[in-house]
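# the following block contains a protein sequence and its predicted model.
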Amino acid sequence: MVTISKENYLQVIFHLYTEFGTATTVNIAKHLHISPSSVSERLQSLHHEGLVNYSPYKGASLTPKGRNIAIDVVRRHRLSERFLQDILGLKWDQVHHEAKKIEHVLSKIVSDRLDKVLGRPKTCPHGNPVPDTKGHIKEEQSYPLISLHKNDHVKIIKIVDEDPKLLNYLATLGLMPKVKISIEEKTSSGPIIIKVGNSSYALGKNIAESIWVKKI
């Protein structure tokens with residue numbers, strides 16, 4: 001039986017792999033707000049169930065079976081976010097938290113109908129792709145803002161960290177998907193200075209890692 005707890009673990013591993021290419025025990029624990037020791041025990045259990053590949057020193061990766069479950073949860077979550085914003089009018093920094101309550105109770109028939117009613121959206125409000133009915137994900141090529149260079153001109157594709165406080169902050173700066181920005185200054189140790197319209201802002205490393213862009 002696939003419980004809510006299992007879905008949450010598989011979803012977090014999926015997101016960590018998408019963003020960082022790895023899912024360590026420490027990072028999984030950080031995202032789930034529990035201790036690394038508790039995560040290790042659960043990962044061993046998921047490994048025995050054939051949902052993850054787990055190594056105590058390398059972390060976890062999804063098996064094909066685990067990935068299918070994770071993608072289904074991601075689809076339900078991102079469709080829920082679109083519904084909450086597009087139909088109910090919630091703000092983009094509110095929908096992630098509310099969608100977490102909905103994603104586990106949607107059946108396939110309901111999520112598919114929701115997809116149709118919403119006009120088959122390609123992304124969630126934060127720019128992350130919505131998997132299709134067969135579990136395929138069409139990612140628009142993009143890179144973390146932190147990896148770009150001075151004088152680069154880019155367009156924001158997605159925000160990978162959907163923390164409400166971060167999203168609220170980015171909205172106040174006008175940093176949302178499809179917005180074009182330029183990099184005015186970047187050093188190895190200091191913040192990255194970006195320009196949006198006629199305004200310039202300094203972004204810390206963590207924020208710049210959460211904003212994924214492509215060159216224009």
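Good, I have the coordinates.

# mind checking pLDDT for Asn168?
Looking at Asn168, its pLDDT reads 95.

# is it fair to say it lies in a helix?
Yes: assessed with DSSP: H, G, I helix; E, B strand; the rest coil, Asn168 lies in a helix.

# for it, which non-adjacent residue is closest in space?
Excluding the flanking residues, the one nearest Asn168 by CB to CB, 6 or more residues apart in numbering is Asp93, at 4.2 Å. Backbone N, C-alpha and C define where each C-beta goes, glycine included.

# I'd assumed Pro164 was in contact with the one you found.
Yes: Asp93 is within contact range of Pro164, at 4.7 Å (criterion: CB atoms under 8 Å).

# okay, these two: which has more neighbours?
Asp93 (20 against 14; other CB atoms under 10 Å).

# residues touching that one, list them.
By CB atoms under 8 Å, 6 or more residues apart in numbering, Asp93 lies in contact with 164-165, 167-168, 171.

# how about it, secondary structure?
Taking three-state DSSP, the label given to Asp93 is coil.

# pretty sure Pro191 contacts Ala202?
Yes: with contact defined as CB under 8 Å, Pro191 reaches Ala202; the gap is 4.1 Å.

# for stretch 147-166, buried residues please.
By neighbour count on 16 or more other CB atoms under 10 Å, the buried set for stretch 147-166 is 148, 152, 154, 156-162, 166.

# quick one: the residue nearest the centre of the chain and Ile34, what's the gap?
Ranked by distance to the mean C-alpha position of the chain (CA atoms, centre = their mean), the top residue is Val160 at 3.9 Å. With the distance defined as CB to CB, to the nearest Å, Val160 ends up 21 Å from Ile34.

# in CSV, list the contacts of Asp93 along with distance to Glu49.
Conversion of the contacts of Asp93 to CSV gives the following (distance: CB to CB, whole Å):
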residue, distance to Glu49
Pro164, 32
Lys165, 35
Leu167, 34
Asn168, 38
Ala171, 40
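
# got the domain ranges for this protein?
Here the domain assignment for the chain is 4-62, 76-137, 143-215, based on automatic domain parsing.

# closest one to Asn68 among these?
Across those, Asn68 has its closest neighbour in domain 76-137 (6.2 Å, CB to CB).

# what packs against the longest helix anywhere in the chain?
Ranked by residue count under DSSP state H, the longest helix found in the chain is helix 64-82. Secondary-structure packing of helix 64-82 (3 or more CB pairs under 8 Å, 6 or more residues apart in numbering; DSSP states H and E): helix 4-20, helix 95-102, helix 108-117.

# can I get the ones you listed in JSON lines including distance to Ile69, mean pLDDT and mean neighbour count?
Output for these, formatted as JSON lines (distance: least, CB to CB, whole Å; pLDDT from 0 to 100; neighbours: other CB atoms under 10 Å):
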{"stretch": "helix 4-20", "distance to Ile69": "5", "mean pLDDT": "93", "mean neighbour count": "19"}
{"stretch": "helix 95-102", "distance to Ile69": "16", "mean pLDDT": "94", "mean neighbour count": "19"}
{"stretch": "helix 108-117", "distance to Ile69": "12", "mean pLDDT": "95", "mean neighbour count": "14"}
